[in-house]
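Q: Provided below are the primary sequence and the corresponding predicted coordinates.
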Amino acid sequence: MLHVESTRTISADPATVWAALADYMAIDVIAPEVVKVDVLSENSTGLGAKRRCHFPNGTSLVEEAITWNEGRGYRAAMLDMGKIPFKTAQAEIRLTPTSDGKTHVYWCIDYQPKFGPLGWLMGATLMKPQLRKVLNGNLTGLETLVTAPNTAMPQAS
């Protein structure tokens, strides 16, 4: 498996950051590369919540919450990836409060590319920087959402 991560300290308390992330079906509000979300499970948040994320290039993937630590983070398995060049992939988000009332956010993707050794080489050299750019965009979207003045935040479940 290959690993890519990005972190950021956001000037918002953990409860506010968690409220945005716990609204699992609204990832398109945070992630600039997600243009539409389909709800695929009865529960829209928490363990087992499942969504299909659609991307600008016409591809999509399913994400299912496989761990859920209320107020602290979750891990999602990426499934049904179609033309996306991963055999397997998981994303994880973790929140850590800082001593000054801010929130340290850790966001990572662990992935195994398709196409054997050539896929691994492409994953390590070409995909990794692109995925880091996606993670950084997600963190910027999250930060903008939770720090913007007069933003109506969703309530965490």
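A: Sure, I can see it.
Q: mind checking pLDDT for the residue nearest in space to the middle of the chain?
A: Central residue of the chain (CA atoms, centre = their mean): Ala91, 6.0 Å from the mean position. For Ala91, the model assigns a pLDDT of 97.
Q: equivalent analysis for the one 5 residues further on, please.
A: Model confidence at Thr96, expressed as pLDDT, equals 98.
Q: that one: what secondary structure?
A: strand (DSSP: H, G, I helix; E, B strand; the rest coil).
Q: run a quick neighbour tally on it.
A: Neighbours of Thr96 under the rule other CB atoms under 10 Å: 14. C-betas here are computed from N, CA, C, even on glycine.
Q: residue contacts, it?
A: 14, 103-104, 106 (CB atoms under 8 Å, 6 or more residues apart in numbering).
Q: how about the helices in the chain?
A: Assigned by DSSP state H, the chain shows helices spanning 14-22, 27-30, 116-122, 128-147.
Q: for Ala65, find the nearest of the ones you listed.
A: Nearest of these to Ala65, taken as CB to CB: helix 14-22 at 10.1 Å.
Q: thinking again about what came up before, for the residue nearest to the centre of the chain, give me its contacts.
A: Listed by CB under 8 Å, 6+ apart, the contact partners of Ala91 are 63, 75-76, 78, 107-110.
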